[in-house]
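K.L.:
would you be able to build a 3D model of this:
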Amino acid sequence: MSENTKYTVRKSDRSIFFPLLIIFIGAILLLSNLNLFPGNGWNLIVRFWPIIFVFGGIDDLLNQKWTGAIINFGVGSILILANFGFFSMSSLQIIINFWPILIIALGLEIIFSGRSIVGSLIGVGFSILLVLGLFWFALQVPLTKDAISHPINYEVGNAKQAELGIKPIVGKLTINSGDFTNQLIEGVILASNNEEIKIESELSGQTQKISISTSGNVYLPSTNMNNGFPWDLLLNTNVPFSINIEQIIGIQTLTLTEIDIQNLYSKLVIGTVEITLPKSDKFSAELECIIGEMVIIIPEGIPVTIHLDSGMTGVSLGDGFVREGDLIYSKNSGIDQGYVLNINLPIGSLKIVNP
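P.N.:
Take a look at the predicted model:
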């Protein structure tokens, strides 16, 4: 072989698609095992599966494939929005109806791959038009329709106490005291026409157990709803309640001033929680918000101890409260006297105030 023979070695494209996919699956399963997300981790993976297009877009950016990057980011974002109810069609329905767009996208990628700057800009322009076209076509079918009303009405009957489980996926949950004696719970839930409200009730001895949850493909509110689909519930003030709330995104406004609360567990992944505590002699609660704002309104003169598990959390205390590390307590009371609250707030802000 001649010494003058020249070898040209082409550096292969670097691909991070599969590492990103593996990291994503592992992260979701880990967070699910740590109970940072309600429900099964695999269900979240199924719902977020279009993120593979986003990973493909990141991979294309790394390899300077501008046309493919725009298309992947655009299609992935549209399909994720579809899976969470922005459109009346699911991501699968969009693919079934508009799958030829993927062929057009592949053709654009082949034509404009490795072109000059001008050619790349033309390819990016066509890609943006393609994504906007898909978005426009998806919008031609009606957005999520107006909410459907589901009345909630339970009489006291033979119940001496109640256990209430509430699982709204996305919405604005409001709990307050009701001015009635014969009703145990009264209220209304507004949900998307594609959501199903599941209500279970069982009288066990003298304990009325009630579970209210949602299921279905549409979780985001329609465009004419403010702050999410409302869940407005009124509770009897003469019956002791234990309340368990699990919610992914939304707002919780819990006015417990006149309600006899035995136990409270509230978990919100992303959103805002505002709780006005009851005026009972003793009260304990487990409160968790992964990312968001939490406001705790404590009746004046009530001693309280808060065990705070926080990360990047800003804490604001009203007059009469002291913080020592992860412990917050009333100035004029001993630790673990009166109300005892365990709060987990990794990222966000916490405000402790008097009314």
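K.L.:
what is the strand or helix carrying S213 packed up against?
P.N.:
Here S213 sits within strand 207-216, counting by DSSP states H and E. Judged by 3 or more Cβ pairs under 8 Å, 6 or more residues apart in numbering; DSSP states H and E, strand 207-216 is in contact with strand 148-155, strand 161-167, strand 183-191, strand 195-204. No exception for glycine: its C-beta is placed from N, CA and C like everyone else's.
K.L.:
ok, now with 6 Å
P.N.:
Under the contact definition 3 or more Cβ pairs under 6 Å, 6 or more residues apart in numbering; DSSP states H and E, strand 207-216 sits against strand 161-167, strand 195-204.
K.L.:
and the ones you listed, which one is worst for confidence?
P.N.:
Among the helices and strands packed on strand 207-216, strand 195-204 has the lowest mean pLDDT, at a mean of 87.
K.L.:
direction included, what does it pair against?
P.N.:
Paired with strand 195-204 in the same sheet, following DSSP bridges, are strand 207-216 (antiparallel).
K.L.:
hang on, P50 packs against G76?
P.N.:
Yes. Between P50 and G76 there is a contact at 5.0 Å, judged by Cβ atoms under 6 Å.
K.L.:
mind pulling up the pLDDT for L106?
P.N.:
pLDDT, read off for L106, is 74.
K.L.:
okay, buried residues for the helix or strand where it lies please.
P.N.:
Assigned by DSSP H and E, L106 falls within helix 100-112. Within helix 100-112, the residues that count as buried by 16 or more other Cβ atoms under 10 Å are 101, 104-105, 108-109, 112.
K.L.:
ok, stretch 170-179 next?
P.N.:
170-178.
K.L.:
from those, which land in strands?
P.N.:
170-178 (DSSP state E).
K.L.:
could you pull out the strands in the stretch 251-355 of the chain for me?
P.N.:
Assignment of strands within the stretch 251-355 of the chain using DSSP state E, counting those that start in this stretch yields the ranges 261-276, 284-297, 304-317, 321-324, 327-330, 339-353.
K.L.:
and those: which comes nearest T253?
P.N.:
T253 lies closest, by Cβ to Cβ, to one member of these: strand 261-276, at 5.1 Å.
K.L.:
report the angle between that closest one and strand 170-178.
P.N.:
120 degrees (axes from the mean of the first three to the mean of the last three Cα atoms, to 10 degrees).
K.L.:
please save the CA atoms from strand 261-276 in PDB.
P.N.:
The C-alpha trace of strand 261-276 is given here as PDB (Å, rounded to 0.1, in the frame of the first residue of the first chain):
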ATOM      1  CA  ILE A 261     -61.000  17.300  61.900                       C
ATOM      2  CA  GLN A 262     -59.500  14.200  63.500                       C
ATOM      3  CA  ASN A 263     -56.700  13.700  60.900                       C
ATOM      4  CA  LEU A 264     -55.600  15.400  57.700                       C
ATOM      5  CA  TYR A 265     -53.300  14.100  55.000                       C
ATOM      6  CA  SER A 266     -52.900  16.300  52.000                       C
ATOM      7  CA  LYS A 267     -50.500  15.700  49.100                       C
ATOM      8  CA  LEU A 268     -50.200  18.000  46.100                       C
ATOM      9  CA  VAL A 269     -47.400  17.600  43.500                       C
ATOM     10  CA  ILE A 270     -47.500  21.100  42.000                       C
ATOM     11  CA  GLY A 271     -49.700  24.000  43.000                       C
ATOM     12  CA  THR A 272     -50.900  26.100  45.900                       C
ATOM     13  CA  VAL A 273     -52.200  25.000  49.300                       C
ATOM     14  CA  GLU A 274     -54.000  27.400  51.700                       C
ATOM     15  CA  ILE A 275     -55.200  25.800  55.000                       C
ATOM     16  CA  THR A 276     -57.100  27.600  57.800                       C
END
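K.L.:
can you list contacts of it?
P.N.:
240-255, 257, 278, 285-297 (Cβ atoms under 6 Å, 6 or more residues apart in numbering).
K.L.:
circling back to that earlier point, which one of the helices and strands packed on strand 207-216 is the most hemmed in?
P.N.:
Of all these, strand 161-167 carries the top mean neighbour count, a mean of 19, counting by mean count of other Cβ atoms under 10 Å.
K.L.:
can you list the strands that that one pairs with?
P.N.:
strand 207-216 (parallel), strand 241-255 (parallel).
K.L.:
show me what the helix or strand just after the shortest one is packed up against.
P.N.:
If you walk from strand 207-216 toward the C-terminus, the next helix or strand you reach (DSSP H and E) is strand 230-236. In terms of contacts (3+ Cβ pairs under 6 Å, 6+ apart), strand 230-236 is packed against strand 170-178, strand 183-191.
K.L.:
got TSV for those strands, with mean pLDDT and distance to N158 too?
P.N.:
Listed next are the helices and strands packed on strand 230-236 as TSV, based on pLDDT from 0 to 100; distance: least, Cβ to Cβ, whole Å:
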stretch	mean pLDDT	distance to N158
strand 170-178	89	19
strand 183-191	90	11
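K.L.:
so which of those comes closest to A159?
P.N.:
strand 183-191 (6.2 Å).
K.L.:
adjacent strands (with direction) for that closest one?
P.N.:
strand 148-155 (antiparallel), strand 230-236 (antiparallel).
K.L.:
please identify the buried residues of that strand?
P.N.:
183-187, 189-191.
K.L.:
give me the neighbour count for the closest residue to Y329 other than its chain neighbours.
P.N.:
In space, and not counting its chain neighbours, Y329 is closest to T305: 4.6 Å by Cβ to Cβ, 6 or more residues apart in numbering. By the criterion of other Cβ atoms under 10 Å, T305 has 19 neighbours.
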